[in-house]
Each structure stands twice: as C-alpha cells, then as structure tokens.
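**Student:** Sequence first, then the predicted structure, then my questions.
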Amino acid sequence: MKVHRLLSFSWIVWIMIFGFSCKSPASYKSETQFDNQIWNRFDIQEYTIMPDEINKNWDVFFLFDHLDNYYTDHIAVNITFYLPQGGTRSRDYTFRLKNDALDWTGKQNGKTITHQLPVIKGFSFDETGPLKIRVESKMTKFNLTAVKKIGILIRETEK
C-alpha cells in the first residue's frame, strides 16, 4: 500500500472514531405547516413534547418561516408551557424579524425566510411526562398571510 493511501485511510478512520464518539445534544422539534400560507388569528397551535431526560437545562426556540412579502417587521405570539407536574408558564413575545437596515434577520432560501427565535434559555423541569406548549398569534390581523410554518424547538443547553 502506498504511503499517501495509508495516510488517507488513517485520517478516515480517525474522523469516523471522533465523529461517532461525540454525542450531540438532545433536541425535540414540532412544527405546523400552513399549506395556504395563512395563519388564522384564532388557530392556536398545540405541541406535546416528551423529553426523555429531566434535570437538564433546555433552550427553547420559536420557529417561524414566512415568505419575503410578509407584511411587517415582527411577529407577536403568546407561548404557554404546561409542565408535567401541573404548573403553567405563559408570556407574550414580540420578535423583531428585520434589523435596523430593514433586512430580514433569518436565513433566506429563495423567497422563504426561516427564523429560529430564542424564547427561554436554561429552561428546566423536574418530572417526566409530556411538556405541552401552546402558541397563539397575537397579531391584529385576522388572517396572517405569507406564513409558511411555525413550530417549537427544544434543544439541550450546550455546556
């Protein structure tokens, strides 16, 4: 076997060992797609997530995908958490979607802009069971147009 092939092979083995030994943080994602690209004001979305591990810290994100012709620079929502032990946490959020130069802050792919908006960092709960999350539009428009998808992403806080 030639030396350069042996070196290439050893690099591949090393990358495979390193890649399989690194455990990525746990994450849970749940989404609602709007086929007609309209999110009705009273179309409240509910998500149930079953994290396997308790006593960990989690970062929670609101996922919002819209078209580039979305009519405003923000999204206002109410997000309510129904905890496994029976507690409730609820809050209104207003997320800016454009920067000061009026450019979209999310990732753009064609006409779709995808935002991953931070809701809570270091969220924790001490009992197993379903974590229910309710997302309600707080925008004044009855039908919010140019909305492709909303959702919730919960990812284990990286240490």
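**Tutor:** Done, it's in. Numbering: from 1, shown residues only.
**Student:** Kindly provide the distance from residue 140 to residue 75.
**Tutor:** 12 Å (Cβ to Cβ, to the nearest Å). No exception for glycine: its C-beta is placed from N, CA and C like everyone else's.
**Student:** can you check residue 63 too?
**Tutor:** Distance from residue 63 to residue 75, by Cβ to Cβ: 11 Å.
**Student:** For the chain, give me the ranges with low pLDDT.
**Tutor:** 1-25, 54 (pLDDT under 70).
**Student:** any idea where the strands of it begin and end?
**Tutor:** 27-33, 38-40, 45-49, 58-67, 74-82, 88-96, 107-109, 112-123, 131-137, 143-145, 147-156 (DSSP state E).
**Student:** wait, what's in contact with the nearest residue to residue 108 once chain neighbours are set aside?
**Tutor:** Residue nearest to residue 108 in three dimensions, not counting chain neighbours: residue 68, with 7.2 Å by Cβ to Cβ, 6 or more residues apart in numbering. By Cβ atoms under 8 Å, 6 or more residues apart in numbering, residue 68 lies in contact with 104, 108, 111, 112, 113.
**Student:** which one of those has the most neighbours?
**Tutor:** Among the contacts of residue 68, the one with the most neighbours (other Cβ atoms under 10 Å) is residue 113, at 21 neighbours.
**Student:** For residue 89, which residues are in contact?
**Tutor:** Per Cβ under 8 Å, 6+ apart, neighbours of residue 89: 80, 81, 83.
**Student:** for residue 151, same thing?
**Tutor:** Per Cβ under 8 Å, 6+ apart, neighbours of residue 151: 29, 30, 31, 32, 47, 62, 63.
**Student:** switch the cut-off to 6 Å
**Tutor:** 30, 31, 63 (Cβ atoms under 6 Å, 6 or more residues apart in numbering).
**Student:** hmm, back to that, roughly how far does the residue nearest to residue 108 sit from residue 48?
**Tutor:** 32 Å.
**Student:** cool, and residue 30?
**Tutor:** In terms of Cβ to Cβ, residue 30 sits 8 Å off from residue 48.
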